[in-house]
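K.L.:
need a 3D model of the sequence below.
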Amino acid sequence: MANSLFRKKSLERIVRDSAEGHSDGHGGGGLSKVLTVRDLTFMGIAAVVGAGIFSTIGAAAADGGPGISLLFVLTAVTCGFSALCYAEFASRVPIAGSAYTYAYVAFGEVIAWIIGWALILEYAIGNIVVAIAWSKYFNNLLLGFGLHLPGWLITDPGTAKDSFLAAQATVNSGAVPDAAGQAALRAWNEAPQIAGHHIILNIPAFVIVCIIAWVTYIGIRESKKTTNLMVIFKIAVVILVILMGFFFVKPANWSPFLPNGFAGVLKGVSAVFYAYIGFDAISTTAEECRDAQRDLPKGMLYSLLICTVLYILVAIVLTGMVPYSKLNVADPLAFVFAQVNQKWIFYFISASAVVATTSVLLVFQLGQPRIWMSMSRDGLLPRPFGWIHPKFHTPWFSTIITGIIVAVPSLFMRKDLMEQLTSIGTLFAFVLVSGGVLMLPRNNGSGGRGFKLPYVSGRYIVPICYAAFIVLFRDRIGEALRHLDRVGLQEMLFLVYTLLATGLTVATVVRKYSVIPILGVLFCAYLLIEIPAIAWEWFFGWMAIGLLVYFLYGYRRSHLTPGAHKGIAAATENQPKC
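P.N.:
Prediction:
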């Protein structure tokens, strides 16, 4: 059974499946090959420049101070390693499915299932968080026009109850609640009740997800045109914010540069990497590219470069305009201009944030159905997930299901913890893709086309990096080893990482591995262990459910199982006419 768990798909079979997916004769139609380098670059920017730059960057800056710009440099380096590895995979495995498909080629079926299941968590929860953020920005925009939605229609029950209890405690103490507290009291008291339960729902979040699901249902052409227009607009806005902000920068605000040390900077890992799902989202559209081998690598690398520069400049401007300790707000870009008496820009930035987060929703909603489609083609999910619409040429059933599992929870879920879970899924994918490059066969049969990861021997560079790690973290390693009997999950993860780093360093010296994929694994794995333990507990629970589904359904129905009905065509047979 062990061998069958790690059965792999060959590159030849991947290419054949891709060809069948574009020319199946079972009424489903193929996916439309319409995406260019520009479209892919814009999709990457759309996925990365969104809630992160308009919202979560504030909390990260409050923890890390002006030094948060170093986190973006570290993130850029880490993502750079991973993006190069993604680029080679995308060039050599030009089929939808992203890290799931890459893991199927490099590691085998069970690892592919694990990463595919992790990506479901990553995309679905990520879009729920973005939908909730969109709702807040949209409400701010409505306020600018004098429109007020009832408070019980624009938030979730948990947040509403906590805010109400806090405001009520203020009232009971004899004090007067602030404006936010008074709004919380009104929202709770005005909410309709059924059997004593307050009905509180985030309607704007639900509606925008439904609209985005409809756009992604009707076609990739419509999705790309909408995305491109929104990206051009939000890049212009971010550049305007950067240029205007520099006029209000006070260099004194950049001191101290690291108020909470580098540990404070690393607290922002979840907020930052939450945004960097863009590379994975691009690779899910491989079968809709005009030339995936040539265009996907370029789109990934271009979007990484542009987004990193924008994030670093925004971080420098924000922390220079106001003291870092004031930035832990939901709308930091609008907040800093209000602090320098430029309140007119508040609603302009709110409008920009609505556009920015809409584009993120669109790209995420494109990615999830295509991963399910790939898993269905391989037999690991039921056939309907692989059905292609005969008119719109989209995975229509998967798109509808994705819309449902994002739209319904967005009505009542809180975004606490969600960013961290999304970051785990993203980094987990980056680790496997970086390591997977080392497992690819040398001969890809591509005739020299596409992107090839440059080889730089890690035989000396990786041991030097490992030695620096041991020196810098010697106290933490010693403390964890001395208290091994009562070490917590966070420190246990750190010790596991130390063992991983040791093993990879030895393997690199012996086998002369390339430095790029090795450092991609080590950097991403380190950022993984810095995510709070509570998120890991939820992640392990999700993985346990996933493995149960795999062994009850996917393992026996896989197209790699001897005697199973194989091929892309099986996934599109007998689908209903739309």
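K.L.:
which ones are touching the residue lying closest to residue 320 once chain neighbours are set aside?
P.N.:
Nearest residue to residue 320, sequence neighbours excluded (CB to CB, 6 or more residues apart in numbering): residue 249, at 3.5 Å. C-beta: built from backbone N, CA, C; applies to glycine. By CB atoms under 8 Å, 6 or more residues apart in numbering, the contact list for residue 249 reads 317, 320-321.
K.L.:
which one of these is nearest residue 116?
P.N.:
residue 317 (38.9 Å; CB to CB).
K.L.:
the helix or strand encompassing the closest one - contacts with which helices or strands?
P.N.:
Assessed by DSSP states H and E, residue 317 sits inside helix 292-321. Here helix 292-321 touches helix 37-48, helix 57-64, helix 68-92, helix 220-246, helix 278-283, helix 332-339, going by 3 or more CB pairs under 8 Å, 6 or more residues apart in numbering; DSSP states H and E.
K.L.:
on that earlier part again, where's the residue nearest to residue 320 relative to residue 287, distance?
P.N.:
46 Å (CB to CB, to the nearest Å).
K.L.:
rewinding a little: helix/strand/coil for the residue nearest to residue 320?
P.N.:
Put simply, residue 249 is coil when judged by DSSP: H, G, I helix; E, B strand; the rest coil.
K.L.:
start the count at 232 instead of 1 going forward.
P.N.:
OK, 232 is where the count begins now, so the last one is residue 480.
K.L.:
ramachandran coordinates for it?
P.N.:
Main-chain dihedrals, residue 480, degrees, to the nearest 10: phi -70, psi 140.
K.L.:
tell me which of the helices and strands packed on helix 523-552 sits most buried.
P.N.:
Each of the helices and strands packed on helix 523-552 was scored by mean neighbour count; the highest is helix 509-514, a mean of 30, by mean count of other CB atoms under 10 Å.
K.L.:
pick out the shakiest of the helices and strands packed on helix 523-552, pLDDT-wise.
P.N.:
Among these, helix 509-514 carries the lowest mean pLDDT, at a mean of 71.
K.L.:
the longest helix anywhere in the chain: which residues count as buried?
P.N.:
Ranked by residue count under DSSP state H, the longest helix found in the chain is helix 340-375. For helix 340-375, a neighbour-count test (16 or more other CB atoms under 10 Å) marks 340-372 as buried.
K.L.:
isn't residue 684 up against residue 747?
P.N.:
Yes: between residue 684 and residue 747 a contact is recorded at 6.1 Å, counting by CB atoms under 8 Å.
K.L.:
and for the two, which residues touch both?
P.N.:
315-316.
K.L.:
any idea how far stretch 475-493 is from the middle of the chain?
P.N.:
For stretch 475-493, the distance from its own C-alpha centre to the chain's C-alpha centre is 28 Å (CA atoms, centre = their mean, to the nearest Å).
K.L.:
please read the previous query as pertaining to stretch 438-454.
P.N.:
Computed by CA atoms, centre = their mean, the chain-centroid distance of stretch 438-454 equals 19 Å.
K.L.:
contacts for it?
P.N.:
262-263, 265-266, 358, 362, 365-366, 369, 457, 516, 519, 589, 592-593, 596-597, 600, 620, 623-625, 627, 630-631, 633-634, 637-638, 641.
K.L.:
filter those residues down to just the ones in helices.
P.N.:
Per DSSP H, those map to helices at 358, 362, 365-366, 369, 457, 589, 592-593, 596-597, 600, 627, 630-631, 633-634, 637-638, 641.
K.L.:
buried subset of those residues, written for ChimeraX?
P.N.:
Remark: buried members of these, expressed as a ChimeraX selection using 16+ other CB under 10 Å:
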select :358,362,365,366,369,457,589,592,593,596,597,600,627,630,631,633,634,637,638,641
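K.L.:
follow-up on the earlier one: how about the helix holding residue 548: buried residues?
P.N.:
523-535, 537-539, 541-552.
K.L.:
also stretch 380-397?
P.N.:
382-388, 390-391, 394-395.
K.L.:
same question, stretch 482-494
P.N.:
Across stretch 482-494, burial judged by 16+ other CB under 10 Å covers 484-485, 490-491.
K.L.:
now residue 513: how far from residue 591?
P.N.:
13 Å.
K.L.:
what do you get for residue 551?
P.N.:
For residue 551 relative to residue 591 (CB to CB), the value is 26 Å.
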